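K.L.:
3D model of this:
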Amino acid sequence: MVSQEQRRRQLAREKFLRQQQRRTSARRKERMRNSVIASVLGVVVIGSVALYTTGVLKNDDDKASNASSDVTPSASAPTPSKAPDPCEKAAKGSVQKLSWKKEPAMTIDTSAKYTMKLATTCGDIGIALKTSAAPHTANSFDFLAGKGYFDHTKCHRLTTNGIYVLQCGDPTGTGSGGPGYTIPDENLKDKSLKGNVYPAGTIAMANTGQKHTGGSQFFLVYQDSQLPPSYTPFGTVDAAGMKVLKKIAAAGESTGQGDGAPNATVVINKATVTKS
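P.N.:
As a prediction, this is how the structure comes out:
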């Protein structure tokens, strides 16, 4: 028979066990609740980051970037929609992989007049070469054109901000290609270069920024451009060619930042140099 004292102890032990069970249960529920809250908060945080990166929560940042957009275009600015391509399909053919170890021998008549015609997908660009003022350059273009070096090559760069040029003459289309040789700078004191301005209609040699590093790349100026007299001016574009350049420029360039590949598909189907 259980005594009154034993009964009291048993009841006390059962009460303690029930309390422990309730506390254990409460702690378990609390942990579950905290876990759920943490999960929800995690989803909210991740969702907020995702929304931020997709632009939904960028109002404050947009205000900050807009405040500085007058000075420097934002790198994350959306690329404007492309204008319709004003040029025709390129002629059939492919770029020849040609390279030479040294500048070609002088074969042109420096006392004669030479013209270069770039038959492009956007129209013909006629150029009167400054043969006597830039003989090495004119001779190189006569040589390269005669070898078909420029045929089927793309004009890879258009600038529409600060300077206004279309750059061509690289068979690789990357801005790093060349014929394997370089030619000397010439005609840097041409009377047309006043106040460090290359006037619209000028065709000049591109280079690496160092002296005497011209190769085959050249640029056509469609609007007066402020540049140091470091790029050999070797010809003048005719009126019909200027209309072609303006059409190409009006189509814009691919980045929306003022310097990129032209939206117009400018391909030199054929380049020829003719003595007149």
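
K.L.:
roughly how far does residue 240 sit from residue 201?
P.N.:
Distance, residue 240 to residue 201, by CB to CB, to the nearest Å: 12 Å. C-beta: built from backbone N, CA, C; applies to glycine.

K.L.:
between those two, who's got more neighbours?
P.N.:
residue 201 (21 against 11; other CB atoms under 10 Å).

K.L.:
contacts only, for the more buried one.
P.N.:
By CB atoms under 8 Å, 6 or more residues apart in numbering, the residues touching residue 201 are 221, 236, 237, 242.

K.L.:
hmm, try it at 6 Å
P.N.:
By CB atoms under 6 Å, 6 or more residues apart in numbering, residue 201 lies in contact with 236, 237, 242.

K.L.:
for residue 188, same thing?
P.N.:
residue 229.

K.L.:
could you look up the SS state of it?
P.N.:
coil (DSSP: H, G, I helix; E, B strand; the rest coil).

K.L.:
kindly report the same for the one 4 residues further on.
P.N.:
Under the three-state scheme (three-state DSSP), the conformation of residue 192 reads as coil.

K.L.:
can you report how many residues neighbour residue 109?
P.N.:
12.

K.L.:
relative to residue 205, how far out is it?
P.N.:
21 Å.

K.L.:
can you put the contacts of residue 201 in JSON lines and add distance to residue 275?
P.N.:
JSON lines is the format used below for the contacts of residue 201 (distance: CB to CB, whole Å):
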{"residue": "236", "distance to residue 275": "17"}
{"residue": "237", "distance to residue 275": "19"}
{"residue": "242", "distance to residue 275": "23"}
